[in-house]
Every structure is written in structure tokens, then in C-alpha cells.
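Colleague: Pasted the sequence and its predicted model underneath.
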Amino acid sequence: MSGGVKDYPRTLQRFEDRFATEEACGEHLAFLRWPEGFRCPRCGNQAAWRTAKGLFRCTGCDYKTSVTAGTIFQDSRLPLRIWFRAVWWVTSQKTGSSALSLQRILGLGSYRTAWALLQKLRRAMVRPGRDRLSGRVEVDETYVGGKEAGVYGRKVGKKALVAIAAQEDGKKTGRVRMRLIARASKVNLHGFVLDAVEPGSIVHTDAWPSYEGLGEKGYTHEVTEIKACEQGVDMLPRVHRAASLLKRWMLGTHQGAVSKEHLDYYLDEFVFRFNRRTSRHRGKLFYRLLQNAVAVPPSTYKALVKHVRGRRAARSQDMG
Ligand SMILES: [Zn+2]
């Protein structure tokens, strides 16, 4: 059996050779899903027979399961080979892919299929149980979307407001986190910081009043007055750089055509790429995305379109 995070194809040719059949793709998913060997989702037993159809039949309780059940691949009519090609394409392109280019490159019958495939992959771009940022972290908000006359300050019109946290890594930027927020209120910004940043960290913001009180929530809150920024020195350079790269990506890869209701998932994709931008091997992203894909539950097309928000529904947001 294959082993470890280093187990990914280095080139397109190796990828093509290795994942040429449904069986090969299925075996790889089985390894990612059960790295220590099969475990029955019903009784936890660790042995199974393989049926003629390639299902796993638990030797303890006879429960039959497939390697894709309970993952983002569940109920998909697309062959695993297509899924694997999509993951390869999406992770090997430095700036990702629009649904239209994915449809063309894979020869998919409809735009809708390509769009849904990408949306499902975006749900796998956040590793369940990932760490929060720590150390010294800059936090700010930015607008995404078309400019609108008369909207200024921190009011949101048709534009979307995105909260950004960026970890310091010496003079460079470490990992980032982003979230769509309805408005720059205390509830939303404190909620974002609590989800994104480990308590005990230093949180550096501007003097916007909604950030007040972070000190009582376990953070060391460092505030820089706007005046200091006006001297020509950017006091929050990491969040601002991440924000401008985000906007460039939205305009470039997606032509700015992202609706507010789906924006959160595009942010997840941006963050997934940004946090791995220095990775020398794109194959690592391929490995990670597939690894997350077998750990994330399925969503139906209806849920993708209507944006029934599983993990986000639980969060309290001040919709103002
Ligand atoms: Zn069982």
C-alpha cells in the first residue's frame, strides 16, 4: 500500500499512469480514508471482505459500505477518474480554475456539472479541525466586489465585507484566515477572531471600536491609530497584501463573477492556496485536497445552490 504525505505524483505523466482506472482511484481513496486499515463506520470493527462490486463488507456486523460513502464523492455520477483529474487540474494551476475552464479541460457535458464539482471541492479545502492562527496576528476587514457610488466607511452596499486575519512570520506573512461578514460589528469581528486566532496570541488591529474588548477574551490587543498609517507606513501590511491578492484573484480567475452567497467558499479556496503558496510541489496540494475530500461529508446540488450552510449555520452572526 502507498504511504504518507510524500505519496503524490510529481508530473502529469505519472498522474495519468497511476490513476488510469476506477480501481486505482478507489484504492488511493481507501488508503487516505483508512490509513491504518479499514474501520467499519457502523461498529468500528477493523476487518472487511471485498464484494464483487468493490464494496467493503464488515466481518463483524455485515454492514456494506463503499470508500466514497459519507465523503464529498458520495452519490456522484462522475467517475472517480474525472474527480481525480479535476483535483489535479485545480491544484496544479497556481490560481485555480473557473468552472468554465474546468468544463472545457475535462470535456464535461454541462457548465452546471463543472460548477457543482468545483463547489464540492471548495468544501474540502478546509481541513476539519484545523489549527487556529497564533503568535502575532493582524486583523482587518476589506470590501470585495464592484465599486458602488455612495458606499464608504464601513457600510456595506452590494459589496461584500470580508474579515481577514494574517499571521506574522518574521517580516513575511504566515497563514491567513478569511470570512464573509454581514457588517463590521463587535459580534461578527469578535466571533471571527475567536474562530481564527488562538487565545494567548497578540491581535493587532486599527482603532475601529468593534475590536474593543478583545483583551477580555484572552488576547493581547494591540491597536494602531489610523493617524499612524497616514504617515505613509502601512501598519497592517500583511492583511492588506492578502486582501489585494484576494481581489486580484477574484477578478482574474473568476472575472469578479462571484455572488455574495457563495463567496465564503471562494474565500476557503483562496486561503487554501495562499497558505500553501510556497509549497515547492503542487502534488502536495493534490494529496491534501483528496485527503480532506474523504473527511468532509457530502452536499447535494440543491444544498450547493441554496447555500444551506452546514458548518457555518452553527455560528452566530450578527446580520444587522
Ligand atoms: Zn461493522
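Modeller: Structure received.
Colleague: Please make it C-alpha for all contacts and neighbour counts, starting now.
Modeller: OK.
Colleague: what stretches of the stretch 51-200 of the chain score poorly on pLDDT?
Modeller: Within the stretch 51-200 of the chain, the set of residues satisfying pLDDT under 70 comprises 146-157.
Colleague: The same query, at a cut-off of 50, please.
Modeller: Residue ranges of the stretch 51-200 of the chain with pLDDT under 50: 147-155.
Colleague: what does it put close to the ion?
Modeller: Counting by CA under 5 Å from the ion, the stretch 51-200 of the chain comes close to the ion at 58, 60-61.
Colleague: make it 6 Å
Modeller: Residues of the stretch 51-200 of the chain that fall close to the ion, judged by CA under 6 Å from the ion: 58, 60-61, 63.
Colleague: Can you pick out the most distant pair from the residues you listed?
Modeller: Using CA to CA, those span at most 8.1 Å, a distance reached by Gly60 and Tyr63.
Colleague: How many residues are close by the closest residue to the ion within the stretch 51-200 of the chain?
Modeller: Residue of the stretch 51-200 of the chain nearest the ion, by CA to the ion: Cys61 (4.1 Å). Applying other CA atoms under 10 Å, we find 13 other residues in the vicinity of Cys61.
Colleague: do Glu216 as well
Modeller: Neighbours of Glu216 using other CA under 10 Å come to 9.
Colleague: in a helix, that's where it is, yeah?
Modeller: Yes - the assignment for Glu216 (DSSP: H, G, I helix; E, B strand; the rest coil) places it in a helix.
Colleague: Tell me which residues are up against the helix or strand where Gln119 lies.
Modeller: Using DSSP states H and E, Gln119 falls within helix 111-123. With contacts defined as CA atoms under 8 Å, 6 or more residues apart in numbering, helix 111-123 is touched by 72, 87, 99-100, 102-103, 108, 265-266, 268-269, 289, 293, 296, 298-299, 301, 304.
Colleague: same thing but at 6 Å, please
Modeller: By CA atoms under 6 Å, 6 or more residues apart in numbering, the residues outside helix 111-123 that reach it are 99, 103, 265, 269.
Colleague: Can I get these in a markdown table including distance to Gly215 and secondary structure?
Modeller: Listed next are those as a markdown table, based on distance: CA to CA, whole Å; DSSP: H, G, I helix; E, B strand; the rest coil:
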| residue | distance to Gly215 | secondary structure |
| --- | --- | --- |
| Ala99 | 43 | helix |
| Gln103 | 49 | helix |
| Tyr265 | 30 | helix |
| Glu269 | 31 | helix |
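Colleague: farthest-separated two in those?
Modeller: Greatest spatial distance among the contacts of helix 111-123 (CA to CA): Gln103 and Tyr265, at 19.1 Å.
Colleague: Go ahead and confirm Ser201 touches Gly135.
Modeller: Yes - between Ser201 and Gly135 there is a contact under CA atoms under 6 Å: 4.9 Å.
Colleague: quick one, which of those two is more surrounded?
Modeller: Set Ser201 next to Gly135 and count neighbours by other CA under 10 Å: Ser201 wins out with 17 against 14.
Colleague: which ones are touching that one?
Modeller: 134-136, 219.
Colleague: Mind giving me the ChimeraX select for those, buried ones only?
Modeller: A single ChimeraX command selects the buried members of the contacts of Ser201 (16 or more other CA atoms under 10 Å):
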select :134,136,219
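Colleague: Select from the contacts of Ser201 every entry located in strands.
Modeller: Arg136 (DSSP state E).
Colleague: mind listing what's buried in the host helix or strand of Arg14?
Modeller: Assessed by DSSP H and E, Arg14 sits inside helix 12-18. Applying a neighbour-count criterion of 16+ other CA under 10 Å, the buried positions in helix 12-18 are Phe15.
Colleague: neighbours around Leu251, how many?
Modeller: Using other CA under 10 Å, Leu251 has 16 neighbouring residues.
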